[in-house]
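Novice: sharing a model that was predicted from the sequence below.
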Amino acid sequence: MISLLATAQDAAVESDLRSELTAHGYDIRQAAPSQEDILVVVLSRAALQDAAVQSAIDTALDRGQHIIPTLAEPVRLPKLIDHLTPVDLSAANATEQLYAQIGAALSPDARLPLRVRTPSVQRSNRRSGLIVGVLALAMFLIGLYAVAVLNIEAPVEEYNQVNTEAAATRDIIIGPTLESYLQFLPGSVEEAEQYPATLEAIPTRLRPFAALTATAVAADQQGG
């Protein structure tokens, strides 16, 4: 079904459109427009200054309705619908253009209308941003109070215990394999110079442990 939108000043244009569309077999809604309607809006200088028309366009955009702008006189489309192709009612093929756009909107393969940031969407975004900001600030203040006043700190002893258990489990798993590589620890300065090549031959997951062991052995030898 089709809904027509126009100002009182463009009533004659709207009446002509209504008659033309009805004669062509289209159903024209007489009451308030529905969410499923195609909205044909008559634009003129008066319409661009009419708050009710602008509000109706915003509502149609929020609903995701198909909008077909028609020009009763040469005017620029409002910013929110300037991505649409208007039908110039003064053109010789105006009715063909209008029928083509209506047919495309009614087609089962019709693309969904482009979503735009209407004033209501902008207000909703600002509210959502404000709510998120307030929650973030509240969490920060709660955390600050917990640390500064309640002296809540990270459970260091628990973390250390978990890390110790993890290291012990790791050592049990890699210990037997690592022992076979530790026999290649450098025993002299010459062997130490060649040790980087030996490390490259050790599997990647064991390489850091072999390197640390070699470093620790070298430190012990220097200390002794």
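Specialist: Yep, it's here.
Novice: name the secondary structure element that contains Leu212.
Specialist: Assigned by DSSP states H and E, Leu212 falls within helix 207-223.
Novice: repeat that for Ala104.
Specialist: Using DSSP H and E, the secondary-structure element containing Ala104 is helix 94-106.
Novice: show me where the protein dips below the pLDDT cut-off.
Specialist: 31-34, 216-224 (pLDDT under 70).
Novice: ok, the residue most central in space within the chain - contacts?
Specialist: The residue lying closest to the centre of the chain (C-alpha atoms, centre = their mean) is Asn125, at 12.5 Å. Contacts for Asn125 (C-beta atoms under 8 Å, 6 or more residues apart in numbering) come out as Arg117. For every residue, glycine as well, the C-beta is placed using N, CA and C.
Novice: after the helix ranked longest in the chain, which helix or strand is next?
Specialist: Here the longest helix in the chain is taken by residue count, with DSSP state H as the criterion, and it is helix 119-148. Stepping forward along the backbone from helix 119-148, the first helix or strand reached (DSSP H and E) is helix 156-182.
Novice: what packs against that next one?
Specialist: When contacts are defined as 3 or more C-beta pairs under 8 Å, 6 or more residues apart in numbering; DSSP states H and E, helix 156-182 packs onto helix 207-223.
Novice: how close does the residue nearest to the centre of the chain sit to Pro119?
Specialist: Separation of Asn125 from Pro119 (C-beta to C-beta, to the nearest Å): 11 Å.
Novice: repeat for Ala136
Specialist: Counting by C-beta to C-beta, the gap between Ala136 and Pro119 amounts to 26 Å.
Novice: Pro113 too?
Specialist: In terms of C-beta to C-beta, Pro113 sits 17 Å off from Pro119.
Novice: of the two, who's got more company?
Specialist: For Pro113 versus Pro119, neighbours defined as other C-beta atoms under 10 Å are more numerous around Pro113 (17 against 13).
Novice: am I right that the more buried one sits in a helix?
Specialist: No: counting by DSSP: H, G, I helix; E, B strand; the rest coil, one finds Pro113 to be coil, located in no helix.
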